[in-house]
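Enquirer: Sequence and computational prediction follow.
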Amino acid sequence: MPLPLVAVVGRPNVGKSTFVNRITGVDEAIVHEMRGVTRDRSYHEADWNGVAFTIVDTGGIEVGSDDDFQASISNQAFTATEEADVIILIVDARTGINSDDEEVARILRKTDKPVFVAVNKLDTPNRYDEMYEFYQLGLGDPWPISSIHGHGTGDLLDAVVEKLRETGAVDRADGPEDGGVNVAIIGRPNAGKSSLTNQMTDRGRSIVSDVAGTTRDAIDTPVTHDGKRYTIVDTAGLRRKSQIDEDVEYYGFVRAMRAIDRADVAILVIDGTLGLTDQDQRVAKFAQERGCAMVIVLNKWDIVEGPEAKAEIRERIEDRLTYVGYAPVIAISALTGKNVHRIWDAIDKAYGNYSKTIPTNQLNGWLAEIRETGHTVSKGKAVLRMKYITQTGTCPPVFTFFANRPDIVDDNYERFLENRMRKHFDLEGTPVRFKFKKKD
């Protein structure tokens, strides 16, 4: 069963992400003095007094704002409150109540969910004169806290956990769920990652816009498809470091790299209307270096004109992405959903090969065939003789060769071995790693 859900809401720059980081003990939510840094809602696991729960960081709510994203941000925040078992409204003691606080409070008064008003930025203990005006919000006793220093957060969490017990939310959960296969959706900005995430999750978790860089956090969404569990992670678009000119965008880049680090399968989304770019190649290299399985998705394929243009794009991918040549290529339209269903089978196959174990006798039968070809390498009078092979790791598969002179194995011979292995064993979708050790 899923963990109890605690939603953190409020207007921009009141300290929601700082509060979430304080509770989770890690800097997963992006914190920055710029207003509106958090746009999508992001989910993080937390624990207090032995009770595990999920805390949701949401975008700041500005009811009357003319910001291009504000309607979507507000919808994301209110969706989080609909999902939540308990809601924490963060307000700012330094600025006092404003019209956005009042409007959010008006909406929250209509919910049947427990609501806690946390008055943040009361950094001096026991000096809470600024707190009392927040009784006007009509949501019960305000709770004085300092997200920066931690004052009052323990008392607030005691009350939150007690309310989770009272509502039965704790009883519904039997601890953290296995999230299944971790799937990171990666690519450069505006390639259609969030549209694909929304198609695959059917939840509208990610804000979709034609403005590059809309997604700044890496956003986890648990999904069950055909009885199998997955965690879909929509990541911020990865750009060249020289093009990352905002601190916030840099933090989004870091989150995306972390998402790739913990991914089992990366889905590289390429904008079919632009074809393969240098940025796409760099993004693919990030995932390849970190050893996760990969599926390449050509998005917006429905608006690529003519078979010649499509053939040219596929040929360029084959020529320029040789280092991830193991990745299947699927053409889709994330906007309409065309062919998105094919991605699931590709994920399953890639993950199956990523976690595959090949019996030692089959590996050495294959190695015997390699020896029979007579293809080897030499250096001076030394000639490489391969003796034995065994699999020494999975996720991705790692194979250790024992040879008389492992020091003379070069990149060309290693590529030869990988190509022959892939022809013999089905390893589509996953990288492989080779190690060479000396055996007399």
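Expert: Yep, that arrived.

Enquirer: Poorly predicted segments of the protein, please.
Expert: By pLDDT under 70, the weakly predicted segments of the chain are 1-2, 26-43, 59-81, 171-179, 203-219, 234-258, 440.

Enquirer: Just grab the bridge partners of the residue nearest the centre of the chain for me.
Expert: For the chain, residue 233 is the residue whose C-alpha lies nearest the centre (C-alpha atoms, centre = their mean; 3.1 Å). With DSSP bridges applied, residue 233 shows beta-bridge pairing to residue 184, residue 220.

Enquirer: which residues touch it?
Expert: If a contact means C-beta atoms under 8 Å, 6 or more residues apart in numbering, then residue 233 has 182, 183, 184, 185, 218, 219, 220, 221, 259, 263 as its contacts. C-beta coordinates here come from the backbone N, C-alpha and C atoms, glycine included.

Enquirer: same question, residue 5
Expert: Taking C-beta under 8 Å, 6+ apart as the definition of contact, the neighbours of residue 5 are 53, 54, 55, 56, 83, 84, 85, 86, 169.

Enquirer: burial count for the last one?
Expert: Read it as residue 169. Residue 169 has 23 neighbouring residues, counting by other C-beta atoms under 10 Å.

Enquirer: For residue 385, see how far away it is.
Expert: Here the distance between residue 169 and residue 385 works out to 64 Å (C-beta to C-beta, to the nearest Å).

Enquirer: in the sheet, who's paired with residue 92?
Expert: Applying DSSP bridges to residue 92 yields these beta-bridge partners: residue 120.

Enquirer: Numbering from 91 from now on, please.
Expert: With the count now opening at 91, the last piece we talked about shows up as residue 182.

Enquirer: Now, of the contacts of residue 95, which are buried?
Expert: For the contacts of residue 95, burial is judged from neighbour counts taken by 16 or more other C-beta atoms under 10 Å, and it is met by 143, 144, 145, 146, 174, 175, 176, 259.

Enquirer: follow-up on the earlier one: which one of the contacts of residue 95 is nearest residue 503?
Expert: Nearest to residue 503 among those is residue 144, at 49.1 Å by C-beta to C-beta.

Enquirer: Excluding chain neighbours, what is closest to that closest one?
Expert: Across the structure, with C-beta to C-beta, 6 or more residues apart in numbering as the measure, the residue nearest residue 144 apart from its sequence neighbours is residue 93 (4.7 Å).

Enquirer: measure the one you found to residue 485 for me?
Expert: Using C-beta to C-beta, which is the criterion applied here, residue 93 is 25 Å from residue 485.

Enquirer: Going by how many neighbours each has, rank those two and give me the top one.
Expert: residue 93 (24 against 14).

Enquirer: tell me the secondary structure for the more buried one?
Expert: Under the three-state scheme (DSSP: H, G, I helix; E, B strand; the rest coil), residue 93 adopts coil.

Enquirer: quick one: it and residue 137 touch, right?
Expert: No: under the criterion of C-beta atoms under 8 Å, residue 93 lies out of contact with residue 137, with a separation of 9.7 Å.

Enquirer: hey, what's in contact with both of the two?
Expert: Among the neighbours of residue 93, those also in contact with residue 137 (C-beta under 8 Å, 6+ apart) are residue 143.

Enquirer: Assumed residue 507 was part of a helix.
Expert: Yes: in this structure, residue 507 lies within a helix as judged by three-state DSSP.

Enquirer: what sits against it?
Expert: Residue 507 makes contacts with 460, 491, 524, as judged by C-beta under 8 Å, 6+ apart.

Enquirer: Could I get the buried residue list for the host helix or strand of the last one?
Expert: The reference is to residue 524. Take DSSP states H and E as the rule and residue 524 turns out to sit in strand 523-528. Under the neighbour-count criterion of 16+ other C-beta under 10 Å, strand 523-528 has 524, 526 buried.

Enquirer: and it, how far out from the chain's middle?
Expert: Offset of strand 523-528 from its chain centre (C-alpha atoms, centre = their mean, to the nearest Å): 32 Å.

Enquirer: partners of that strand, with directions?
Expert: The pairing partners recorded for strand 523-528 under DSSP bridges are strand 488-493 (parallel).

Enquirer: Give me the residues contacting the strand it pairs with.
Expert: Outside strand 488-493, the residues touching it (C-beta under 8 Å, 6+ apart) are 453, 457, 474-482, 499, 507, 511, 522-529.

Enquirer: mind redoing it with 7 Å?
Expert: Residues from elsewhere that reach strand 488-493, judged by C-beta atoms under 7 Å, 6 or more residues apart in numbering: 474-482, 522-527, 529.

Enquirer: Turn the buried ones among the contacts of residue 95 into JSON lines, columns for distance to residue 444 and secondary structure.
Expert: Converted to JSON lines, these look like this (distance: C-beta to C-beta, whole Å; DSSP: H, G, I helix; E, B strand; the rest coil):
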{"residue": "143", "distance to residue 444": "31", "secondary structure": "strand"}
{"residue": "144", "distance to residue 444": "27", "secondary structure": "strand"}
{"residue": "145", "distance to residue 444": "31", "secondary structure": "strand"}
{"residue": "146", "distance to residue 444": "30", "secondary structure": "strand"}
{"residue": "174", "distance to residue 444": "35", "secondary structure": "coil"}
{"residue": "175", "distance to residue 444": "35", "secondary structure": "coil"}
{"residue": "176", "distance to residue 444": "38", "secondary structure": "strand"}
{"residue": "259", "distance to residue 444": "35", "secondary structure": "helix"}
